[in-house]
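# Got a predicted structure here, sequence first:
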Amino acid sequence: MKKIFIIGAGQLGSRHLQALKYVRDVLDIYIIDPSKESLNIAKERYDSLELTDNNNVTYTNSIVDINIESNIDLVIIATSSNVRSFVTIELLKKFTVSTIIFEKILFQKKDDYFSIKKLLDTNNVKAYVNCPMRMMSFYKDIKPLFKGTKFKYLVSGSQFGLVTNLIHFLDHISFLNENSEYKANADFLDKEIIKSKREGFYELNGSFQVNFKNGTQGFFNCDSTGNAPIIVQAFNTKVHFISMESEGKVLISKAQNDWKWEEIIFNIPFQSQLTTILVESLFDNNTCVLPTYEESMKIHLPYLDSLLNFVNDNDEIKFDHYPFT
């Protein structure tokens, strides 16, 4: 029986848990969170699914309370960024783990990116970061039309959590581009530093730009007011697509079709659906399409460094860490 830990039973952790109910294998699952309330909500969501399963699910407040000697096949770390490195260290002190899936952003301290990489390598742990645009049908299947080209990638919308969501789009550009080397420009962000809904964390609005080594460029704009939906588009000399996720459709135009627009139905799957596919891929093939830890680390750091410099230049409080999650 495969053993899985989910550390962090919040919004994402509970959706990961729901997805495990649909995995073909019978699982031994441990869901871990210091909050009794979060554990109760996760249990309610799992039990609410009208599906009979033979999984063994244990809800507990700490990995210290878990006493098993066998290897852990998969750990999903869905905590906030401020405790994720500590959780990873404590986990690998006590257990032998085959694979870890990290939520993002990864960590708040730059040094943690390198020390955790060393820890993963030392313990021979496979690690991936949950940037799932690579798993989504249209965003995955469009890659051949962008591979090996210079292209523009644009994202716009209102109040969608620019900092939190940037990593998804940067990862998708890297996936299409097959390159993660870029420089970031935070000069056009709004100077008002916004307190996040989560205490101790911050958000930003305005415009952000990245320039990849091969000439590909990304432009991201998040307005501070209004309710404009997120629009994702990209184009090169072969193709132009406009993804309207809130409407469940994409417009696509190709040079080979005289640039006539075609509408495609494209519904974004829930995390509770994606994790099922992810886990079965890992168990069946010992790999998945998510970015590796090392690849995602390279994507995280340039944009986080630029955001930290911007915040410290425009706020009375000076941070020695990335105050984002």
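Structure received.
# going forward, measure contacts between C-alpha atoms and count neighbours the same way
Fine.
# residue boundaries of the strands in the stretch 1-150 of the chain?
Remark: strands assigned in the stretch 1-150 of the chain by DSSP state E, counting those that start in this stretch are 2-7, 27-32, 56-60, 72-77, 97-102, 126-129.
# contact partners of the third one?
Applying Cα atoms under 8 Å, 6 or more residues apart in numbering, the set of residues contacting strand 56-60 from outside is 27-34, 39, 43.
# ok, of those, which come out buried?
Neighbour-count burial (16 or more other Cα atoms under 10 Å) is assigned, among the contacts of strand 56-60, to 27-33, 39, 43.
# and which of these is nearest to Phe220?
The closest of the buried ones among the contacts of strand 56-60 to Phe220 turns out to be Asp33 (Cα to Cα; 34.2 Å).
# Next one: the closest one from Ser196, what distance?
In this view, Asp33 and Ser196 are 22 Å apart by Cα to Cα, to the nearest Å.
# for Ser246, same thing?
Ser246 is 23 Å from Ser196, where distance means Cα to Cα.
# what are the ranges of the strands in the stretch 201-325 of the chain?
According to DSSP E, counting those that start in this stretch, the strands that the stretch 201-325 of the chain contains are 202-203, 206-212, 217-223, 231-235, 239-244, 249-254, 261-265.
# Please identify the buried residues of stretch 85-100?
85, 87-88, 91, 95-100.
# out of those, who's nearest Asn185?
Ser85 (27.2 Å).
# Can you tell me how far the closest one is from Asn40?
25 Å.
# Then Asp313?
For Asp313, the distance to Asn40 - Cα to Cα - is 42 Å.
# and what of Glu245?
Distance of Glu245 to Asn40, given as Cα to Cα: 31 Å.
# Okay, buried residues for stretch 1-11 please.
Under 16+ other Cα under 10 Å, the buried positions of stretch 1-11 are 3-10.
# pLDDT below threshold where in the chain?
The model of the chain has no residue with pLDDT under 70.
# can you map out the helices along the stretch 101-250 of the chain?
For the stretch 101-250 of the chain, applying DSSP state H, counting those that start in this stretch gives helices covering 110-122, 137-141, 162-177.
# which of those is buried the deepest?
helix 162-177 (a mean of 20; mean count of other Cα atoms under 10 Å).
# What lies in contact with that helix?
Here helix 162-177 has contacts from 104-105, 131-134, 139, 143-144, 146-149, 153, 180, 203-205, 216, 218, 220-222, 291, 296, 299-300, 324-325, using Cα under 8 Å, 6+ apart.
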